[in-house]
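Visitor: for reference, the sequence and a predicted model appear below.
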2 protein chains.
Amino acid sequence: MELVSIGDVRAAAAHLDGVAVRTPLLSCPWAGDGLWLKPENLQPVGAFKLRGAYHAVACLAPGVRQRGVVTHSSGNHGRALAYAAGKFGVPAVIVMPTTAPRVKIAAVEALGAEIVLVPPAERESAMSAVVADRGMSPIPPFDHRDVIAGQGTIGTEIIEDFDAVEVVLVPVGGGGLASGISTAIKALKPHVSVIGVEPEFAAETQESLRAGELRTWPIEATYRTMADGVRTSPSALTFAHMTAHLDDIVTVSEDEIASAVGLLAREAHLVVEPSGALGPAAYLYRRDTFPPGRTVSVVTGGNLDPQLFADLVMRAPLDLGAA
Amino acid sequence: MELVSIGDVRAAAAHLDGVAVRTPLLSCPWAGDGLWLKPENLQPVGAFKLRGAYHAVACLAPGVRQRGVVTHSSGNHGRALAYAAGKFGVPAVIVMPTTAPRVKIAAVEALGAEIVLVPPAERESAMSAVVADRGMSPIPPFDHRDVIAGQGTIGTEIIEDFDAVEVVLVPVGGGGLASGISTAIKALKPHVSVIGVEPEFAAETQESLRAGELRTWPIEATYRTMADGVRTSPSALTFAHMTAHLDDIVTVSEDEIASAVGLLAREAHLVVEPSGALGPAAYLYRRDTFPPGRTVSVVTGGNLDPQLFADLVMRAPLDLGAA
């Protein structure tokens, strides 16, 4: 299997110039002197997913792109693809389950995309039907080389902006982000440690990497975590990238994730969804599980239910330095 | 009275390189297509005040600086000065009223500054005593040319990053920020409108500019606003800058400020204090009171009580486009 290269990531960076926010690195004096955040929740759709989705649409041949794009993500990727299609002025269909929260449907509609609502079990077939009937290009959330290359631009930005970085923490769900970032970092600075972070309740990629084969956990297991962005399993493509490039994967508990969301609001002034708080949670509470050094943590997104967010802001944080 | 020049602002920019975060401009698709935010709540102390405080400390002669700095702000400036002094390894004394919330005192203490607690009426005399007895340099929050020049670096960054900007919205309290930003913008792009924003309950600078003389409102009036960062009156120095450079000042209501704080959390994923939400509130609800065009709104800070913040996140926002 041919892996995405640093050249692919650089091509994505050229496409994303002026489209994705060049997110700054934010030091965190409240967390000691070794943590910097890369706040991808500040992208226009509230998540890093804009990078991969936009680059994938940009890579389509103009005649193909004109027919439109389709995906069946109901989360940040669906929203990002709708936004990217809007930027190119081409149609987008987002297949969503009838169980999706009304607020998520409205967010995608507001971006001008067409929503196809189907029972959860019919999402794949509904997407295939759109591809077959309307000639639209499917853009999956992570199992796609251009999507991986787009997410990798976060890695090139980290190296360009912070030459002294020693550790990079990346949440792992489907693995597109971790694949792209680790591709970029290892090509540019092989000695920087790239560490994936998973919830204890969805640690299938940690288990898979240690076993040397892709293992999936049942949905009843992974749906126990509040980090809804990382309940997905990797594909063969992303697993190959992570096997090649990730140094390790560490895990955090639900309490640690919840505490990190509250601290990021109160101390870093950022609204971060639970999946986005995985890296900071690992830094704050599990620092003994990965190499020491100047650490950049990628904060992936900020889309969460306002009531859950308000509750986490008011919750007493865990003691720092429990690690 | 000699005003701060663009050269002074450029000197501040050189001092702040690598110290202040180069905050990005964030587009706001949720608010139409004409608003960009400059999120200064992402500075290490949670507010733009770091810029002016650090530059003022940097401008002191080394032998003078070594003796330390003092101020009597209990808000973001006090915290910023403590942070700046720490960066230079010199002592800082922050005079605070005995009425200051414990959390604000703790935040300044954590930065290594010495706190002098006095009854509110004795703050000025306590600061003077520190200056006389210990030879420390007083760094006031806005009535100081170096502080104004430091805040002005936000203006040079806006012009460098967004050549097509047409309107800049700036909160006005003591007027240091508005003085600095308007100095920079009018020097570089005189046709860009620079509009101050005040709460209706603390609109003394709007009244003063229209009267052509500095008028102050009683503290009982200005303390009605929840925007605690802008309850202060300008000095002769800042009023002279604003008279020379501001195009106008517009006002917003308390409901509009509250609604903007909630929308900024839910849509822009930023934790913003009420004073920081003045510009977005004006854009969202009072757009008919200032010139149209591509608008940058400076989001000044993110330090607010977590309970108040959680309440504002959950509050139903006002209708957009009520303007």
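Guide: Sure thing, it's come through.
Visitor: who touches the helix or strand encompassing A:Met127?
Guide: Here A:Met127 sits within helix A:123-134, counting by DSSP states H and E. By CB atoms under 8 Å, 6 or more residues apart in numbering or on different chains, the residues outside helix A:123-134 that reach it are A:67-68, A:70-72, A:93, A:95-97, A:116, A:118, A:136-138. Where C-beta positions appear, they are placed from N, C-alpha and C, glycine not excepted.
Visitor: give me that answer again for 7 Å
Guide: Contacts to helix A:123-134, defined as CB atoms under 7 Å, 6 or more residues apart in numbering or on different chains, come from residues A:67-68, A:70, A:72, A:93, A:95, A:97, A:116, A:118, A:136, A:138.
Visitor: please apply the same query to stretch A:14-31.
Guide: A:35-40, A:42-43, A:50-51, A:54-55, A:58, A:87, A:150, A:153, A:157, A:161-162, A:267-268, A:283-284, A:296, B:21-24, B:26, B:42, B:44.
Visitor: and the helix holding A:Met127, average pLDDT?
Guide: Helix A:123-134 comes out with an average pLDDT of 94.
Visitor: what do you get for stretch A:273-280?
Guide: 97.
Visitor: next: stretch A:196-205.
Guide: 97.
Visitor: ditto for stretch A:233-253
Guide: pLDDT averaged over stretch A:233-253 gives 98.
Visitor: for the stretch 201-323 of chain A, what lies in contact range of chain B?
Guide: Neighbours of chain B within the stretch 201-323 of chain A, by CB under 7 Å from any CB of the partner chain: A:265-266, A:269-271, A:302, A:306-307, A:309-310, A:313-314.
Visitor: turn the residues you listed into TSV, including secondary structure and neighbour count.
Guide: Below are those laid out as TSV (DSSP: H, G, I helix; E, B strand; the rest coil; neighbours: other CB atoms under 10 Å in any protein chain shown):
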residue	secondary structure	neighbour count
A:Ala265	helix	26
A:Arg266	helix	22
A:His269	coil	27
A:Leu270	strand	27
A:Val271	coil	31
A:Gly302	coil	29
A:Pro306	helix	16
A:Gln307	helix	11
A:Phe309	helix	26
A:Ala310	helix	20
A:Val313	helix	21
A:Met314	helix	15
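Visitor: which two in those are spaced the farthest apart?
Guide: Across those, the longest distance by CB to CB is 20.1 Å; it joins A:His269 and A:Gln307.
Visitor: quick one: the lowest-mean-pLDDT helix or strand in chain A near chain B?
Guide: Counting by mean pLDDT, DSSP states H and E, the weakest-scoring helix or strand in chain A turns out to be helix A:102-110, with a mean of 86. No: applying CB under 7 Å from any CB, one finds helix A:102-110 separated from chain B by no less than 7.7 Å.
Visitor: now for A:Ile219, how many residues are close by?
Guide: Around A:Ile219 there are 10 other residues, counting by other CB atoms under 10 Å in any protein chain shown.
Visitor: OK, contacts around it?
Guide: Per CB under 7 Å, 6+ apart, neighbours of A:Ile219: none.
Visitor: how near is it to chain B?
Guide: Distance, A:Ile219 to chain B, using CB to the nearest CB, to the nearest Å: 28 Å.
Visitor: do A:Leu111 as well
Guide: 7 Å.
Visitor: give the contact list for the nearest residue to A:Leu25 once chain neighbours are set aside.
Guide: Nearest residue to A:Leu25, sequence neighbours excluded (CB to CB, 6 or more residues apart in numbering or on different chains): A:Trp36, at 4.4 Å. A:Trp36 is in contact with A:25-28, A:162, A:296, counting by CB under 7 Å, 6+ apart.
Visitor: looking at the residues of the stretch 201-323 of chain A next to chain B, spot the one nearest B:Ala187.
Guide: A:His269 (30.2 Å).
Visitor: what's the closest residue to the closest one other than its chain neighbours in contact with, if anything?
Guide: Take A:His269 and drop its neighbours on the chain: the residue closest to it by CB to CB, 6+ apart is B:Gly302, 3.2 Å away. Residues near B:Gly302 by CB under 7 Å, 6+ apart: A:269, B:41, B:46, B:271-273, B:276.
Visitor: any quick PyMOL command for the buried ones out of those?
Guide: Filtering those down to the buried ones (16 or more other CB atoms under 10 Å in any protein chain shown) takes a single PyMOL command:
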select buried, (chain A and resi 269) or (chain B and resi 41+46+271+272+273+276)
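Visitor: among the contacts of B:Gly302, which are in helices?
Guide: Counting by DSSP state H, none of the members of the contacts of B:Gly302 fall within helices.
Visitor: nearest to A:Ala258, of the contacts of B:Gly302?
Guide: Distances from A:Ala258 to the contacts of B:Gly302, taken by CB to CB, are shortest for B:Val271, at 16.7 Å.
Visitor: do I have it right that the closest one meets A:Val271?
Guide: Yes: counting by CB atoms under 7 Å, A:Val271 is a contact partner of B:Val271 at 6.4 Å.
Visitor: so what sits against both of those two?
Guide: A:265, B:265.
Visitor: quick one, grab the pLDDT at the residue nearest to A:Leu25.
Guide: Predicted confidence (pLDDT) for A:Trp36: 98.
Visitor: I'm done for today, thanks for sticking with me.
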